[in-house]
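Visitor: Quick check, what structure comes out for this input:
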Amino acid sequence: MAISMYHASVPQFKKMLVNLSAILIKAETHSSNKKIDQKVVLGSRLFLDMFALTKQVQITCDQAKNGLARLACVDIPKFEDNEATFTELQERISKTINFLDALKPEQMEGSADKEIKFSIGEWKFEFIGDQYLLTWIIPNFYFHITTAYNILRHNGVDVGKTDFLGL
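Guide: You can find the predicted model right below:
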């Protein structure tokens with residue numbers, strides 16, 4: 001039996017977003033305990049040409065909500081990308097999880113063969129649904145959530161593999 005597009009994405013994205021939320025709670029506590037301005041942590045990056053923590057969290061959420069909205073043929077929720085605190089990032093994650101909770105498996109039926117076209121700036125993308133999920137959404141989601149984790153780990157937040165995996 002083949003796994004559905006819904007079951008290959010929604011439950012795991014929700015789980016990982018919950019894990020990201022828990023990691024951010026640890027980061028906020030770490031910042032407070034060490035008397036580090038949260039803006040410093042939220043603006044941290046692994047290397048100068050990489051996005052900061054805040055943008056990594058935003059893109060993680062965007063991959064889940066934008067990608068699955070396209071596959072389910074529903075409107076993409078619009079978020080402002082103006083989060084400047086841990087609390088605001090938590091709200092973004094929560095809104096993303098709420099959107100995923102509203103998706104039903106039947107909304108994604110047949111999406112494996114659906115043509116997906118979108119643009120990001122000057123770049124134009126064309127996919128077939130299963131390719132889109134497997135070669136764009138999932139890798140990008142994990143890249144940005146892993147980078148967020150790594151930024152926090154690099155900055156001394158006491159997180160490990162069990163936090164990332166939610167064990």
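Visitor: residues near the nearest residue to Thr96 once chain neighbours are set aside, how many?
Guide: In space, and not counting its chain neighbours, Thr96 is closest to Cys61: 4.2 Å by Cβ to Cβ, 6 or more residues apart in numbering. Glycine gets a C-beta too; all of them are placed from N, C-alpha and C. When neighbours are defined as other Cβ atoms under 10 Å, Cys61 has 29 of them.
Visitor: Restrict the top helix by length along the chain to CA atoms and write it as CSV.
Guide: Longest helix in the chain by number of residues, with DSSP state H as the criterion: helix 10-33. Taking C-alpha atoms only, helix 10-33 is exported to CSV below (Å, rounded to 0.1, in the frame of the first residue of the first chain):
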residue,chain,number,x,y,z
VAL,A,10,1.1,16.7,7.4
PRO,A,11,1.7,14.5,10.5
GLN,A,12,5.4,14.8,10.3
PHE,A,13,5.4,18.5,9.7
LYS,A,14,3.2,19.0,12.7
LYS,A,15,5.4,16.9,14.9
MET,A,16,8.5,18.8,13.8
LEU,A,17,6.9,22.2,14.3
VAL,A,18,6.0,21.1,17.8
ASN,A,19,9.6,20.1,18.3
LEU,A,20,10.8,23.5,16.9
SER,A,21,8.5,25.2,19.3
ALA,A,22,10.0,23.3,22.3
ILE,A,23,13.5,24.1,21.1
LEU,A,24,12.6,27.8,20.9
ILE,A,25,11.3,27.7,24.5
LYS,A,26,14.7,26.3,25.6
ALA,A,27,16.3,29.1,23.6
GLU,A,28,14.2,31.8,25.3
THR,A,29,15.0,30.4,28.7
HIS,A,30,18.7,30.2,27.9
SER,A,31,18.7,33.8,26.7
SER,A,32,16.9,34.9,29.9
ASN,A,33,19.1,32.9,32.2
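Visitor: What's the separation between the closest residue to Lys15 other than its chain neighbours and Gly160?
Guide: Take Lys15 and drop its neighbours on the chain: the residue closest to it by Cβ to Cβ, 6+ apart is Gly166, 5.9 Å away. Applying Cβ to Cβ, to the nearest Å, the value for Gly166 to Gly160 is 12 Å.
Visitor: tell me the contacts of Ser9?
Guide: 64, 67-68, 71, 108, 133, 137-138 (Cβ atoms under 8 Å, 6 or more residues apart in numbering).
Visitor: one more time with 10 Å
Guide: If a contact means Cβ atoms under 10 Å, 6 or more residues apart in numbering, then Ser9 has 3, 64, 67-68, 71, 100, 103, 108, 111, 133-134, 137-138, 141 as its contacts.
Visitor: again with Pro105
Guide: 4-7, 10, 72.
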